[in-house]
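**Q** no sequence for this one, just the structure:
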């Protein structure tokens, strides 16, 4: 069931993104030839009015085909005035920008609903029972699921306080990937009704920039919904932070360590599926962030992304004459290579995680 629910969630994101293009194109009077969920070969199609609605066999996205996206396209006389490239620049920008705008709106609605109606868990009120133990970390050889962490270096309390105590340990030299703490964390646990004292050396995790033992807790605390005003400001703040971080994606491609942290379609799907299994309520927050990421990545100024179409529309507006299609085609090759490169990096990282420690969602 988790696979199906994750699939439905992603399908909804795609449909709403493409619906933004579709609705805007209809509104400004363009002719929409096809509205498709997923890519060809088509496994279902139905024509209503002048538009064909279809479902493809390759579940990697969707598209809206508008007449005249290629200026050299041969169109019937009665259609030419409604072709994409026959429209003013502002109409083209509205149609292209409507897809990402729909994803931003959806992200805001989902995250606001999550914060106002469900609420995040309060880590200060969480239990300290060990749940998931990550492979390759010190906890793998010392802790067991179900252990209750009583204290770390004499510090007791919430999982947040215990994690901070672990993070105070430092490597002997500079903090590098997997470096071992110079001093052990003195961990007291309760297992089968008996307390045990353990000395465990944390290691440095570059992904979190903290010293860790490598486990998560079973209970993240009770949920506390925010008041509407607080939920609104928190939603805006969190989406803005996510926007800035996602916009750094091109720079992250140049850093070998940060490049390993990039997830692709498989990773996003698996995070969503595991979140459904772990705590269905958290899916709203996850889908909000994925929807926002989809909008931002689509706005990068490279063809065939939406941002590439907007970029060339702006160039045309500045030049006050159409940009030669050959120029856009050549730039599209570069953009396509960048998109494929990003896809392959994300896919490679996802495969490494699936074959290694898996996707840790908690």
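**A** Great, that's in hand. Remember, predicted model here, so these are calculated numbers, not experimental data.
**Q** any idea which helix is longest in this protein?
**A** helix 325-355 (DSSP state H).
**Q** helices or strands up against that helix?
**A** In terms of contacts (3 or more Cβ pairs under 8 Å, 6 or more residues apart in numbering; DSSP states H and E), helix 325-355 is packed against helix 265-278, helix 306-319. The C-beta positions use only the backbone N, C-alpha and C, and glycine is treated the same way.
**Q** out of these, which gets the lowest mean score?
**A** Comparing mean pLDDT over these, the weakest stretch is helix 265-278, at a mean of 57.
**Q** tell me the first helix or strand C-terminal of that one.
**A** Under the assignment DSSP states H and E, the closest C-terminal helix or strand after helix 265-278 is helix 283-298.
**Q** mind checking how far the most far-flung residue of the chain relative to its centre is from residue 227?
**A** Going by Cα atoms, centre = their mean, the residue of the chain most distant from its centre is residue 77, 43.4 Å out. Note on residue 77: its distance to residue 227, by Cβ to Cβ, to the nearest Å, is 59 Å.
**Q** same check on residue 26?
**A** Summarising the geometry, the distance separating residue 26 from residue 227, computed by Cβ to Cβ, is 39 Å.
**Q** quick one, which of these two is more surrounded?
**A** Ranked by neighbour count (other Cβ atoms under 10 Å), residue 26 and residue 227 place residue 26 first, with 15 against 9.
**Q** is it true that the more buried one touches residue 32?
**A** Yes - applying Cβ atoms under 8 Å, one finds residue 26 in contact with residue 32, separated by 6.3 Å.
**Q** thinking again about what came up before, what does the pLDDT read for the residue farthest from the centre of the chain?
**A** The predicted local distance difference test score for residue 77 is 83.
**Q** ditto for residue 257
**A** Model confidence at residue 257, expressed as pLDDT, equals 65.
**Q** show the contacting residues for residue 67.
**A** Contact criterion Cβ atoms under 8 Å, 6 or more residues apart in numbering gives 30, 31, 32, 33, 73, 75, 79, 82, 83, 84 as the residues in contact with residue 67.
**Q** okay if I get these as TSV plus neighbour count?
**A** Below are the contacts of residue 67 laid out as TSV (neighbours: other Cβ atoms under 10 Å):
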residue	neighbour count
30	25
31	21
32	22
33	16
73	13
75	15
79	16
82	19
83	18
84	22
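**Q** restricted to strands, list those.
**A** 32, 33 (DSSP state E).
**Q** which ones among the contacts of residue 67 lie within helices?
**A** residue 79.
**Q** in CSV, list the contacts of residue 67 along with distance to residue 301.
**A** Listed next are the contacts of residue 67 as CSV, based on distance: Cβ to Cβ, whole Å:
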residue, distance to residue 301
30, 22
31, 26
32, 24
33, 26
73, 24
75, 28
79, 29
82, 27
83, 23
84, 18
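**Q** and of the contacts of residue 67, the nearest to residue 142?
**A** Each of those was scored against residue 142 by Cβ to Cβ, and residue 32 proved nearest at 60.3 Å.
**Q** quick check: the closest one touching residue 19?
**A** No - Residue 32 is not in contact with residue 19 according to Cβ under 8 Å; the separation is 11.0 Å.
**Q** low-confidence stretches in the chain?
**A** Where the chain drops to pLDDT under 70, the residues are 1-3, 123-126, 219-221, 252-280, 346-347, 349-362.
**Q** for it, what spans make up the strands?
**A** 32-48, 51-66, 130-133, 148-152, 185-191, 194-200, 203-205, 210-212, 215-217.
**Q** which of these sits closest to residue 223?
**A** Distances from residue 223 to each of the strands of the chain were compared using Cβ to Cβ; the shortest belongs to strand 215-217, at 15.2 Å.
**Q** which elements pack onto the closest one?
**A** Strand 215-217 packs on strand 130-133, going by 3+ Cβ pairs under 8 Å, 6+ apart.
**Q** contacts for the strand it packs on?
**A** Contact partners of strand 130-133, identified using Cβ under 8 Å, 6+ apart, comprise 139-140, 143-149, 189, 214-218, 360, 362.
**Q** cool, and stretch 308-324?
**A** For stretch 308-324, contacts defined as Cβ under 8 Å, 6+ apart pick out 71, 85, 89, 92-93, 96-97, 299-303, 328, 331-332, 335.
**Q** tell me the buried residues within the residues you listed.
**A** Neighbour counting over these (16 or more other Cβ atoms under 10 Å) leaves 85, 89, 92-93, 96-97, 299-300, 302-303, 328, 331-332, 335 as the buried ones.
**Q** could you dump those residues to CSV with distance to residue 210?
**A** Formatted as CSV, the entries for the buried ones among the contacts of stretch 308-324 read as follows, by distance: Cβ to Cβ, whole Å:
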residue, distance to residue 210
85, 52
89, 48
92, 47
93, 43
96, 41
97, 39
299, 32
300, 31
302, 35
303, 40
328, 46
331, 42
332, 42
335, 37
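**Q** tell me which two in these are the farthest apart.
**A** The most widely separated members of these are 85 and 300, with 22.0 Å between them, by Cβ to Cβ.
**Q** thinking again about what came up before, would you mind giving me the PyMOL syntax to select the buried ones in the contacts of strand 130-133?
**A** For selection in PyMOL, the members of those meeting the burial criterion (16+ other Cβ under 10 Å) are listed in this command:
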select buried, resi 139+143+147+149+189+214+215+216+217+218
